Structures are given as structure tokens and as C-alpha cells.
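> The following comprises the amino acid sequence and a computationally predicted model.
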Amino acid sequence: MSDAHATIIASLEQLAGAFQASFDAAPNEQLLRDENAKVLGKKGALTAILKEMGKVSADARKSIGERVNALKSEVERAFDDRLAGIRRREREAELSAPAFDLTLPARTPAPRGHAHPISIVRDEIVGIFESMGFSVFDGPQIDTPANNFDKLGFPPDHPATDMHDTFYTTAGHVLRTHTSNIQVRAMTTQKPPFAFIAPGACYRVDSDLTHSPMFHQIEAFVVAEHVTLAHLKGVLAEFAERFYGTGTPVRLRPSYFPFTEPSAEVDIACVFCKQSDGARAGCAVCKHSGWIEILGSGMIDPLVFEQCGLDPERWSGFALGMGIERQAMLRYGIPEIRLLFDNDPRFLAQF
Amino acid sequence: MKASFAWLKQLVPHLPDDPRALADRLTAAGIEVEGITAYGQGTETCVLAWVVSTRPHPTKSGLRLVTVDRGEGSQEIVCGAPNVPEPGGVVVLAPLGAHLPAKNMTIGRRDIGGIVSEGMLCSESELGLSDESAGILVLPPGFAPPGTRLNDAIPETRDSIFEIGLTPNRPDGLGHIGLAREAAALLGVPWTRPDPEAPVRQRDGSAVDAVSIAIAARDRCAHYGASVVESVTIGASPSGIRYRLAALGVRSISTAVDVTNLVMLEFGHPLHAFDLDKVRGAALIVRRATEGEQLITLDGVTRALAADDLVIADAEGPIALAGVMGGASSEISASTTRVLLECATFDPRSVRRTARRHGLHSESSHRFERGIDHSDSRDCLAQATALTVRLCGGTALRDAAFAEGDAPAAVRVTLRAGAARRVLGIDITPAESKGTLERLGLRVVAESDEALTLEVPAHRPDLTREIDLVEELVRVRGMDTVAAELPSVRPTRPWGGREALLRRVRGAGVALGLSEALTFGFTSRASLAAMGAPEPAVALQNPLTSELDVMRTSLLPGLFEAASRARRHGEGSLALFTTGVVFLSGEGPNALPREPAMFAAVLAGEAPARLAKPRPRDVWDATGLALELVARLTREAPELLADPNAAPYLHPRGAASIHVHNTRVGVLGPIHPNVAEALDVDPRALIVEIDLDAIAAVGTRVPHYAPIPRFPASARDIALVVRDDVAAGLVLGAVREAAGPLAEGVSLFDRFTGQHVPEGHVSLALRIVYRATDRTLTDAEVDQSHARVVAAIADRFSATLRA
Ligand SMILES: [Zn+2]
């Protein structure tokens, strides 16, 4: 072995014995890479050693070459191991650093808006009826007395109209007192069978704790052949189960509306004092009766069919109408109707 | 309508003892008992006592010691009442332990100035028998033996009163006989209508001799009956009658008037009592008034009559508004000696028109409007006559006088066999139908397998058609006897078409951070005028207040009112929207108004910020809201057009209209300071108004798939300083134009003034994203394009480029 050969081998061995310590000492990835470059880089120790290769024989070069390759592998493996160790330690350190302060205000994607409680309830009710096959029939808030009263069978000069204190326009039209004008519009323009629902604003000259001069109703009606009171009850029962919750029985009490006969007020079993066994304990909302009145309904009066040009011997139907305000007040425990129309932001933000 | 359970039980002895049970049955059949109140609650324990002696209280002035005999012994009671009767007088004693809910008191043993009192002598108000009383209740000497229970001595002192919410189709329910008949029918118990009692004193003679009766308006008055009682003494009614009336909410006036009220409460048929000596010319004429004729009614109001009003006139002029209210001139008074009782049948519509015309809703008009039972007039009159003699003394003339107008025809209705099944979905046997209807007072006049023909009694004017009978059948058997069944509904297509859009608009408004308001359809001319909204097209004849007398032509007044109120409450930050229709002139005379749907929003105050001070809202909140809303609704890219005249209520510096494909769909901008001042709205408020019918006309674009870019994009920034009166949009537009098709997007990402930017200038920083659809752009290509843009912009806007 020539001197040069021996020197190179010695240098390589020295390098082999030293790099691990320097790698281990490197505290982070950058310094580790620096140490790695000092060994394997263009200006590193290995390159410097190999500059002496010209001084050795071809045979020696071969054996040196084998040694160099082995050393390179050793260094690379050591580098990878150390790098992995550093990264693991850094991740562990990051994971155990102090937690983010999640009590700081959240960054909301968009400010929160609020639908009006009347709209929420309205859309829900419309949705229930739509899923039962009803469709919305949109009609005007100002209508003729004929559509609002006469064709619905309101007798002239009759106390039945006392139930509807009416706003009249100077042109002799009325602000509709109920959404039942839509019944007339449907019956005079559409060919049965049909099933419509008519949500919308109505007006009566009335303003107190439970009455607003403008209020909202939803009317649902079916006109077809062979429709009976049993079908009205079926739809009411289905509506009550879906809107007020399963296990909400419905009760019909005979009543009077000019445009339906038989007519019925509809009560649901109180949803506020329901016991686990389904019985009702009685509470302030239901005035300890266990029942809450929610809407009026009935079979469409044959007279209405006649007035609308439909043959009452062929066509039959039912109609039901409810005040949306009442449903919203019941559901949300709103004590005064006025709150629904004050548009106080502090009120609206609750829904 | 108030009804006495005791009275009903007297008429139908087989009724259940529990008022609640009867109330439930009535309610289930459509005679809704809304509540039951106890009358005279606490009187059960009270007894009658006879005054034995009285002496002053030894130490307390104003108090007396009354020794009373209460049957099982005597006791001394301390009493402060001014009207303690002489010995022998009968008073009411509430014994130790009695509870009187009317004054919420329980009688305890009390030491009053050294005298122990174990009981109380009661007044009517303490007993809950009347609202007020001047002293203790004193009954005539010998009224009943001492120790008699008050309830036994005067049964009317204890009752359960039904508050009935009667529907207008059931006039028969406005009297106890009608309710008794209904209750008996519902419960299936026997019932007979009581015959009128005979007067205790009568003489031969006829009312005809005392007064002549003529019906001039035969179509308005089917029947007029009158009786006469002579030599009466008008005074106060006995306590039993006063309590019965008080329990039913009727004020006791005098014996003669109380008689008419009692008979009305019994038969449901209003009567009137005249002072016969005040009837001029001894003549009664039922006629239409002449226009402008005057009558002073019992309430003291002078009424100018209309030709449509029906009156009772004497020889000289009107003395009563028929069926509505009597006249003052012939009113019963303490000096009345001859009473003329009227029991007539007036046309319901006529009575209603008169009552409404004169704003006079009386117990009488209430009943006539609904239609009274004309078949019982003679009985009614007979009962009133007998009762008058009983209460007022005097002597009745044996024969009443009658005049007949156009008699109402008897009503017959046929009920076909299948009618119940057709309407109710259930079968009702002919036997049941017949039984139910007969119990309700209908009479079968023809019967076959196919049909039942019945004559309707006069007390049920609501039964005129087959459907009315079907309703009776289900009403009596109960609606719970009909099983629920879901119909098979054929799906129907929506009509009118705005529902879906309005639902989307509300959803979008909420999603964009707004709260939904609901505002009234009517508003004031003043607020519409103050904001320069279109002139109102619809005015109200009878507005709620004289101010709110037109229908809105803009949604904004309602929102402004909410904003103004919120501001007064110190709620500065506001983001409200509403949707609804406005009312504009229709086309053609007599046409209904048009009702286009609108969206309106008002923003005011500060927008919340995160970990920073809230930021005052500005016009760009309005542009952002408007553009985003329209984009969400139409799926198009709307355009904003600055326009100082976009709307009169917008600030000219920030007013703009918003367009989709050249269709103007709305306006937006800051509120005009004049409007803000006039309507007390935050002067920095912002307005967005969208015409939803225009949005509907534009429609919602259906997106068409575009290939997803396959090649990477390169971005280049450009910063330039331009004069500050150059609109940023102009610069952006110019950049887009100069960059050509390779520019996929141009955005402004910074804008500032000050620092190194010269006075009157602004620094804009833009980013241009370049991309080709068919290849990856080389740096050289991008640089070349970008250089062209930079040069063009610098040239066009005399812009200084910044590093
Ligand atoms: Zn309850």
C-alpha cells in the first residue's frame, strides 16, 4: 500500500468515525443539513479526500471506491435517521406547546341573519301541506267584496260579517279579511280537482293584545269528487302530527262559518302540559282544559260552489284556515301580537 | 250570552247536576261554553237572622252591636252599616268560618273594641250578589224564619253562570228556553216548553180599546202584539229577580223594565214596555221613518232617522226605533200607571241596518238581527203580561191586540238518504236522522226510503237546506264519530308563481346576515311624501287611524319606522329586510290595484368586526348586498350604474341602480339626508330596494358547464398612482381590455392614499391572473402581456407606476 493510499484510507476512516457525532450534535434540520454538507457536499470533507485519488494506483482506486461508497451509504442513513429524529422531536414539541385560545371570538363566515318567526312558521306549514300534495295559490290582498264575501256565502246585512271588521278602499274594494278569497279565485279560474294552499296577509279593523290590524293566514282547501268530512279530519290529524309533534290528537267542535258547512273549530291536545303517558295535566296556555284551539275548518258550503259556477252535486271539498300569528305565538311563547310587528332587532335576533 | 244553569235545570229537571257535564255536552255540539263562573259563591253558609235589638258600641263610634236571632239561638254582632233595620228586620248572617270569595274574606272571631263578634251581617257585594251596595242586605220583616239558609230563602243567590260564545247562526241560543230545548235534545231527556202563567188579576177588555195598532211596513214587521196592564206601581224588583238579572249581566232598572228583560232572557224574544199615557193619540203605527225625522232614544241621544229605519210611531211621530231601542218620550218612569207591552217580529236585515247606522248595538237588536222565533210571540206577550201584574200590581186587560204583516213562510227541507255519507263519509240510519231532527223540533211531513221531508220550526231560521240538516246530524252525534281518513289529493300546479321566488329571496336575505321585518300594508301619506315614494294609489275609507289611511307604494316607510324605533331604543346597528307587495294603480276604472312584490333592506350603524372596533357601515355594504342578492337570485353577474337620480330618497353621491342584462332590477345607496331628517332615521342609513317582479322576469340562469382549466395560471401585480377622481372601475375595465383574452381575472386588492402618494392621488394595487386554455404560458409570454397592460394603463390614466 502506497503512502498516498494509506493516507486516503486513514482520512476516510477518520471521517467515518467522526460524522455521527456531528450529526447527533446538530439541534435542528438546517444545522443537520449543514453538517451533512460538510461531509458529502461539493466542498465537503469527502470531496477533499478524493482529490488525492490521482496519486494512487488503479487497483487501490477500486478498493478506495468501494470504501467511499460504503461510507456514503453510512452517512446518508445516519442523516435520514437523525433527520427523522429531529422532526419527531419538533412535532412532539409543537403538539405539546400551549393550546390555542379558543375562547377568543370566533371568526364567523358571515353575520347571522334571522327569518321572522311568522315566516319560519309559515314556511313550515306550507311545506307540510306541499308534501301532502297541496300547491300554493298566490292572490291579491285587495280584492272585490264579491270575492271576499258574497261568493263565500256571507249573507247581506247579516251578523256573520261582524266577525270581519273590514277595511274598505275608497274604490269600494276590500282589504281581504281572510285568505278565503283565494278559494273563490281558485274555484272561478281553475278546473277541479285541485288542492291549494294560500298563505298571506289579511286585514281587519281590530287592534289589541291578540289582534293586529294586519295578520297572516294560511288557508288550505281541496275541491274534488267524493271529498268528505273524514278527509278533512285526516288532513287535520296529519298536519297536527307533523307540525305539533307525534302524539298530538285533534278534536273537532261544531261551529259556524258562512262558507263552510258543516263547520268546525279545531283543537289540538295541549302541547305544553303533555305528560309522558300522553295525558294532559292542564296548564295556563290551555286554560286547564287540555285543549288549544288552533284553526277553523269545514266542508265547503254548496252555496259557495254555486256562486263560483261549480255544480255542488258533483263537486265537494273542505277548507281550513289558521292564523299564523297564533301558531307562532304558541310555539315561541310570544305573549303579545304587537311584538311580531314592532320589528325590534332584539326580538328578531331571537329566532 | 250568559246563561243560568239553575234556570236551565228548572226548565229541564233531567239535566245533569254537574254544570260542567252540561257545558261539555253543549260545547261538543257547537254551543261553546267558554267559561263557567260561580254566582253568589260563599252564600251557602249564610243564614237569615232577625234583628232582636241594637245598641251603640261602648267605645267605637259608628259601630253598633246588633243582637240577632239566628234560629238556633241569638248572638251579638258588631256592625258598621248605616242601615241596620229595626227589630224584626231580616238580615243575612255569615257565621264563623264562612268564606266569602267576592271580597276574599273568611269570617273569624274578632275582638272589636273589647266586644267579641263571631259572624258578620253581609251586604250584597260581600255576598257576591252585586257589584256595589250601600249597606247590609235587608229583607222585609217576616221574609223567612230565622235560621233559614239564604239559598233556600232566595234560590237565585246561588248559580253557575255559563259564558256562551254563540255563533251568529243560532238565535235560539239567546234565550233560556232555546238553550233548554237544545240541552234536552242533546242529552235525550224529556222536555216541554212551559205554558205562560195567567195574570193574577185581569179584567174583561182588550188592548184594542186602549190603543190602535197598524203595520204600514208589512215587509218589515211580520207581527205586532201589544197588551195593556193598568194601575201599576213601578218600583224596584224583588231581590230574587234582581239577583237573577245581575247573574246574567243585566242591570235591574224597575219592575216593568225588568219584566221585559226577564222574558227576553227566557224566550230570546226582545220586548218593549211603553208608558201608555205617553203614547199620543192612542195609536201605534209600525212604519218606515221619513228622512230626517227626529227621535230621542232611551240613551238620551237625538237621532236623525233615515228613510230605511223602521220606527214605532204614535199619532204624532216616532216613539221607538223598532227592535233597536225605545224612545225617551214614552219611557217607563216611577209615575207610570198604564204599561203597554210590545212583542213583535221585525225583519232582521232592517234591524241590523238601523242598529249599525245609529251605532246602537242593543240586546234587542242583537237578537232581532239573528232572527227571532216568531211562533212564540203570543206566549211571550202573555208571560210578560202576567209577570207585570205579579211585580207591578195592577190589572191586565184580558185580550191583547195584534196586527199581522207579511207572515214568514214555513220552511220544509228534504234530506236524501245518501246525504250523510256524501258529506260526512259515514252512514247514518234513517231512524237516527229522524230521531235527532225530531228531538231538535223538526216535524216529519213526508217519509220514504229515499228521503225524509221535514218542516223546520221557527226557532231554527238557520235550517233551510239539506246540508243544514246534515250538519245537525253530525253536530248532535259528535264529530268524533267520523273516522279520519287521508284523501288522495291529485298533485296540483302552483298558481301565481311568486311563492318559490319569495321563499328564495327571504332565504337569501337571511343568509346575507339580515333580519327579516314584517311591516303593515297601510301607511301614512306623510311618510310616503317625505321620502318621495310614488303617490298612493289606494286610500282607505275607514282607516284604523286617520294617519294610516293609504296603502303603501314602497316597503321603505315600514322599515324606516323600525329603524327609527330601534335607534330610539339605542340599538344603533341594524340590518333589516322585508319582502312584500306594494299597491299601485290598476289598469282601467274599478280595476283592482296592481300588487308587485318588492324586497327592501335598510342597513344602519356599525357592522360587527372581529377583534377590532366595529366598522361603520358604508355604501359598499349596500352595493355588496345588492349585487350578491341579485346574483344569488338570478345567477347572473349584475351591473351597478351610478345614478344620482336613481331614486328621490337616495343620496345623489351614492345612488345607483342595479341591472341584469339591461333590465333595471333595483336601486341602492345611502339615504338622502332630507329623508333621514324628516323620518328620524340614522342619516348614514343605507337602502337597497329590489323589484322582485323584475327579478322574476329576468329569471334564474341555469349554469352551463365550462371545462375546468387544465393548465396553470400565472399572476402579476401592478401598482399605480392615479388621480383620485378616476373611478376604480374604469381602471379595472381598462386593464381587462388591455390584457386581452389571456387575462382570466383582474382584481383590485389594495387602495390607499397618503404616505408617499401625492396629494389628490390614490395608489391602486391590482392583480392580473393570466392563463391560456390550451397550454402552459411561459414566463416570457406572461411578461410580454403584462408589459403591454402596464404601458397601456400608464398611458391612459397618466399613471405613475410603483415598484
Ligand atoms: Zn296545557
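Alright, I've got the coordinates.
> got the domain boundaries for chain A?
A:3-96, A:117-348 (automatic domain parsing).
> Quick one: end-to-end distance for the first one.
So that's domain A:3-96. The straight-line separation of the ends of domain A:3-96 (Cα to Cα, to the nearest Å) is 55 Å.
> got the contact list for the nearest residue to residue B:614 once chain neighbours are set aside?
Take residue B:614 and drop its neighbours on the chain: the residue closest to it by Cβ to Cβ, 6 or more residues apart in numbering or on different chains is residue B:606, 3.6 Å away. Every residue, glycine included, has its C-beta placed from N, CA and C. The contact partners of residue B:606, by Cβ atoms under 8 Å, 6 or more residues apart in numbering or on different chains, come to B:572-573, B:614-617.
> Check residue B:112 too.
Residues near residue B:112 by Cβ under 8 Å, 6+ apart: B:57, B:60, B:63, B:78.
> Let's see the pLDDT reported for it.
Listed pLDDT for residue B:112 reads 86.
> Same check on residue A:1?
As predicted, residue A:1 sits at a pLDDT of 68.
> returning to what we had before: in PyMOL, how would I select the buried members of the contacts of residue B:112?
Listed next is the PyMOL selection for buried residues among the contacts of residue B:112, using 16 or more other Cβ atoms under 10 Å in any protein chain shown:
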select buried, chain B and resi 57+63+78
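> Would you tell me whether stretch A:106-114 gets close to chain B?
Yes - Stretch A:106-114 reaches chain B (Cβ under 8 Å from any Cβ of the partner chain) through A:106-108, A:110-114.
> I'd like to know how many residues surround residue B:758.
Neighbour count for residue B:758, taken as other Cβ atoms under 10 Å in any protein chain shown: 13.
> show me what contacts the closest residue to it other than its chain neighbours?
Among residues not flanking residue B:758 along the chain, residue B:721 sits closest, at 7.0 Å (Cβ to Cβ, 6+ apart). Neighbouring residues of residue B:721 by Cβ under 8 Å, 6+ apart: B:757-758, B:761-764, B:799-800, B:802.
> For ChimeraX, write the select line for the buried members of those residues.
Only the buried entries of the contacts of residue B:721 go into this ChimeraX selection, using 16+ other Cβ under 10 Å:
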select /B:757,761,762,763,764,799
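> before we move on, the earlier item: could you pick out the one among the residues of stretch A:106-114 next to chain B with the lowest pLDDT?
When the residues of stretch A:106-114 next to chain B are sorted by pLDDT, the bottom entry is residue A:110 at 81.
> How about the secondary structure of that residue?
Three-state assignment for residue A:110 (DSSP: H, G, I helix; E, B strand; the rest coil): coil.
> where do the strands sit along the stretch 251-351 of chain A?
Assigned by DSSP state E, counting those that start in this stretch, the strands in the stretch 251-351 of chain A fall at A:260-269, A:291-300, A:316-323.
> Please identify which of these is closest to residue B:192.
Of all the strands of the stretch 251-351 of chain A, it is strand A:260-269 that lies closest to residue B:192, at 29.2 Å by Cβ to Cβ.
> follow-up on the earlier one: what bridges to the residue nearest to residue B:614?
Beta-bridge partners of residue B:606, counted by DSSP bridges, are residue B:616.
> What pLDDT does the model give the closest residue to residue B:48 other than its chain neighbours?
Spatial nearest neighbour of residue B:48, excluding adjacent residues (Cβ to Cβ, 6+ apart): residue B:148 at 4.7 Å. pLDDT, residue B:148: 95.
> So which bits of the helix or strand of chain A with the lowest mean pLDDT are buried?
Least confident helix or strand of chain A, by mean pLDDT, DSSP states H and E, is helix A:45-50 with a mean of 85. Using 16+ other Cβ under 10 Å as the test for burial, helix A:45-50 gives A:45-46, A:49-50.
> which residues of the chain score low on pLDDT?
Answering for chain A, as no chain was given. Across chain A, the ranges flagged by pLDDT under 70 are A:1, A:162-163.
> actually it's chain B I care about, not the one you picked
B:803.
> coming back round to it: now render the domains of chain A as JSON lines, adding distance to chain B.
Below are the domains of chain A laid out as JSON lines (distance: least, Cβ to the nearest Cβ, whole Å):
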{"stretch": "domain A:3-96", "distance to chain B": "24"}
{"stretch": "domain A:117-348", "distance to chain B": "3"}
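> Pick the most buried one from those domains.
Among the domains of chain A, ranked by average contacts under mean count of other Cβ atoms under 10 Å in any protein chain shown, first place goes to domain A:117-348 (a mean of 20).
> In contact with the closest residue to residue B:732 other than its chain neighbours, which residues are there?
Closest residue to residue B:732 apart from its sequence neighbours, by Cβ to Cβ, 6+ apart: residue B:746 at 5.7 Å. Contacts for residue B:746 (Cβ under 8 Å, 6+ apart) come out as B:732, B:735-736, B:739, B:766-769.
> Mind checking which of those land in helices?
Counting by DSSP state H, the part of the contacts of residue B:746 found in helices is B:732, B:735-736, B:739.
> Relative to residue A:32, which of the residues you listed is nearest.
Residue A:32 lies nearest to residue B:739 out of the ones in helices among the contacts of residue B:746, by Cβ to Cβ, at 46.4 Å.
> pretty sure that closest one is in contact with residue B:789, am I right?
Yes - contact status for residue B:739 versus residue B:789: in contact at 5.0 Å, counting by Cβ atoms under 8 Å.
> Identify the contacts common to those two.
Common neighbours of residue B:739 and residue B:789 (Cβ under 8 Å, 6+ apart) are residue B:768.
> Test my guess that residue B:106 contacts residue B:99.
Yes - between residue B:106 and residue B:99 there is a contact under Cβ under 8 Å: 4.7 Å.
> Do I have it right that residue B:691 meets residue B:584?
No - Residue B:691 is beyond contact range of residue B:584, at 11.5 Å (criterion: Cβ under 8 Å).
> neighbour-wise, which of these two wins?
Taking other Cβ under 10 Å, residue B:691 and residue B:584 do not tie; residue B:691 has more neighbours (20 against 16).
> ok, the more buried one to residue B:582 distance?
Per Cβ to Cβ, to the nearest Å, residue B:691 is found 10 Å from residue B:582.
> now swap in residue B:759 and tell me
Distance, residue B:759 to residue B:582, using Cβ to Cβ: 47 Å.
> Please say which of the two ends up with more neighbours.
residue B:582 (25 against 7).
> If you count residues, where's the longest helix of the chain?
Going with chain A. helix A:58-95.
> ah, no, chain B please
Max-length helix for chain B by DSSP H is helix B:779-797.
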